[in-house]
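Below is the sequence, then the predicted model.
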Amino acid sequence: MSNGALYDATWNVFFKMHFGKIYQVMLSSSLGPMDVALGEISWALLRGATYSIGFMAIVTPLGLVTSAWGLLAIPAATVIAFGFASVGMAITSYMKNFQQMNWINFFLLPMFLFSGTFFPVSVYPDWIEVIVKALPLWQGVDLVRSLMLGVIDLSVLGHIASFVVMIALGLSFTTVRLKALFMR
């Protein structure tokens, strides 16, 4: 979910920014940097939402959705994708070449492996567990897992709040950066 949105908001944006020169054309029209950012991120969200709907279509008949709250995993996954896409686009706006784009995978892969997706974070030493729980992917994994299992508590609001902050920061940085790059 977040991977699909992140890759759409990074590699596609990188190509459009450096090779397709699409943003220069878009920003020479009546569109502003926020319009461009929201358009790109919306496209990435469509991909993220499609993945989450496909995932839900598979796990529901298998009986793995144990609560009606599980249906909220689709909009939750979309919010997670929104957070990753907006931050990913902001980071991509600073990338100058393909080699720098590998830094995204450099940070994403360990985050994915240690986020609690495959085994609980309680198996780590306490200090590593604190670091992992501060990472956005753990927030997303715990949010979706809570909804799928019907374990609804205040931590769900905390997870959503962390993604709202990611979205706000990502959109702000992306807008400022696109303005600096193309609105001279």
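Happy to help now that I have it.

residues contacting the closest residue to residue 98 other than its chain neighbours?
Among residues not flanking residue 98 along the chain, residue 14 sits closest, at 7.8 Å (C-beta to C-beta, 6 or more residues apart in numbering). Placement of C-beta: from N, CA and C, glycine included. Contacts for residue 14 (C-beta atoms under 8 Å, 6 or more residues apart in numbering) come out as 92, 95, 98, 101.

Residue 11 is in contact with the last one, correct?
Yes. If you go by C-beta atoms under 8 Å, residue 101 and residue 11 touch, sitting 6.8 Å apart.

Residue 55 and residue 74, how far apart?
Distance of residue 55 to residue 74, given as C-beta to C-beta, to the nearest Å: 9 Å.

Count the neighbours of residue 159 for me.
23 (other C-beta atoms under 10 Å).

And residue 39, by the same measure?
12.

Show me what the host helix or strand of it is packed up against.
Element membership for residue 39 (DSSP states H and E) is helix 33-59. In this structure, helix 33-59 makes packing contacts with helix 2-7, helix 22-27, helix 73-92, helix 154-182, judged by 3 or more C-beta pairs under 8 Å, 6 or more residues apart in numbering; DSSP states H and E.

Kindly recompute the last result at 10 Å.
The contact analysis (3 or more C-beta pairs under 10 Å, 6 or more residues apart in numbering; DSSP states H and E) places helix 33-59 against helix 2-7, helix 13-18, helix 22-27, helix 73-92, helix 136-149, helix 154-182.
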